[in-house]
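Peer 1: The sequence and its predicted three-dimensional model are supplied below.
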Amino acid sequence: MHKHPGGAPIPGSPGVGGGAKPVGERGRTALAVGVVEKIAGMAAREVAGIHALGSGLARTFGAMRDRVPGGKPSVGRGIKAEVGEKQTAIDIALVVEYGVVIPELARQVRENIINAVERMTGLEVVEVNIAVNDVHLPDEPEFEEEEEPVAASGQRPKLK
């Protein structure tokens, strides 16, 4: 911004009047899909009653692959997100513990994911689709989670 010798701004110079955008609006912030998936995965895991993300068969293959040196479990496994400039939609596959009330668990997971993703990213979450793929019984062996495609519940609205 340019100033007159007396310190008053010169009209039309940068940063004066209504022509310049506020600093926070100069540029775009792009979020990778994996960022939203990891946030959603962490938020889902905070809900009691979830045994794992993904399905039983995929977790079995994942346990074998994770034994390979350098293999790491992914926080975003069992989650698929679509990310637009202002909105996101999330699909999540769950394995729940035996005895949980599934509709209540799904409500808590959906609420936790929406709150975390909207707070941390600023994106509007237009939907969270939950697929309960398995129930973990107390005497079943443990397997690691694995990433897999999550079936969408149909055509979702175009994201903004």
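Peer 2: Good, I have the coordinates.

Peer 1: contact partners of stretch 97-115?
Peer 2: Stretch 97-115 is contacted by residues 40, 43-44, 46-47, 49-51, 90, 92, 94, 96, 125, 128, 130, 132, 135-138 when judged by C-beta atoms under 8 Å, 6 or more residues apart in numbering. All C-beta spots, glycine's among them, are computed from the backbone N, C-alpha and C.

Peer 1: what's the burial count for residue 139?
Peer 2: When neighbours are counted by other C-beta atoms under 10 Å, residue 139 registers 6.

Peer 1: Please report how far it lies from residue 101.
Peer 2: For residue 139, the distance to residue 101 (C-beta to C-beta, to the nearest Å) stands at 21 Å.

Peer 1: now whichever helix in the chain runs longest: mean pLDDT?
Peer 2: For the chain, the longest helix by residue count, based on DSSP state H, is helix 102-121. Averaging pLDDT along helix 102-121 gives 98.

Peer 1: Could I get the buried residue list for it?
Peer 2: 105-106, 108-110, 112-114, 116-117, 121 (16 or more other C-beta atoms under 10 Å).

Peer 1: same deal with stretch 23-35?
Peer 2: For stretch 23-35, burial by neighbour count (16+ other C-beta under 10 Å) applies to 31, 35.

Peer 1: got it, and stretch 128-137?
Peer 2: 128-130, 132-136.

Peer 1: picking up where we left off before, from the contacts of stretch 97-115, list just the buried residues.
Peer 2: Judged by 16+ other C-beta under 10 Å, buried ones among these: 40, 43-44, 47, 49-51, 90, 92, 94, 96, 125, 128, 130, 132, 135-136.

Peer 1: where along the protein do the helices fall?
Peer 2: Under DSSP H, the chain gives helices at 33-45, 56-66, 102-121.

Peer 1: Packing partners of the first one?
Peer 2: Right, the one you point to is helix 33-45. strand 50-53, strand 79-83, strand 87-97, helix 102-121 (3 or more C-beta pairs under 8 Å, 6 or more residues apart in numbering; DSSP states H and E).

Peer 1: Mind checking which of the buried residues of stretch 128-137 are in strands?
Peer 2: The strands, defined by DSSP state E, take in 128-130, 132-136 from the buried residues of stretch 128-137.
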